[in-house]
Structure formats: structure tokens, C-alpha cells
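S.K.: Prediction below, plus the sequence it came from.
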Amino acid sequence: MAGTTEYKNKWQQENRERINLVVAKGKKAVIQAQADAAGVSVNAYINAAIDEKMERDNAQGATE
């Protein structure tokens, strides 16, 4: 499939943003293990954690 990589890269550039995440030594392996246990990628695991935290924060703000 000629051009597949170029298409994917262009789509990513137009539709996604990157965030560098720095964690303590050894924590990456722990996160990877948790993601594997949940059957998702590290990216999906971290995104879900962020979404859950933001939902909790928004719910707390609504009740204060």
C-alpha cells in the first residue's frame, strides 16, 4: 500500500497533539503492566486516567 505511512502521518498531524510525559524511573514499567492487565495500550490507559480525573474534578466543582 503505497503512501499509507504518509497518509497516517498527515492524519496524525492534522488530528492529534502530542504531550511528552516524564515519570520516575521504573514507573513506566508499572504503567505498562497496568495497561496490559486492562487490555489496552499505554496511551489509552493514560488517556482514560486523565478523563476520569477531569470528570471527578468537574463533578467536585459543581458541588462546591
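M.R.: Thanks, I have it.

S.K.: For the rest of this, base every contact and every neighbour count on C-alpha atoms.
M.R.: OK.

S.K.: by contact count, what packs against the biggest helix by length in the chain?
M.R.: Across the chain, the longest stretch assigned as helix under DSSP state H is helix 42-63. For helix 42-63, the packing partners by 3 or more Cα pairs under 8 Å, 6 or more residues apart in numbering; DSSP states H and E come out as helix 27-38.

S.K.: which of the residues in the helix it packs on are buried?
M.R.: By neighbour count on 16 or more other Cα atoms under 10 Å, the buried set for helix 27-38 is Ile31, Gln32, Ala35.

S.K.: Name the residues that touch it?
M.R.: Counting contacts by Cα atoms under 8 Å, 6 or more residues apart in numbering, the residues outside helix 27-38 that touch it are Ser41, Val42, Tyr45.

S.K.: Could you point out which residue ranges in the protein have low pLDDT?
M.R.: 1-2, 64 (pLDDT under 70).

S.K.: now Tyr7: how far from Glu14?
M.R.: 11 Å (Cα to Cα, to the nearest Å).

S.K.: Also Gln34?
M.R.: 30 Å.

S.K.: likewise Val40?
M.R.: The gap separating Val40 from Glu14 is 24 Å, by Cα to Cα.

S.K.: The two: who's more crowded?
M.R.: Val40 (13 against 9; other Cα atoms under 10 Å).
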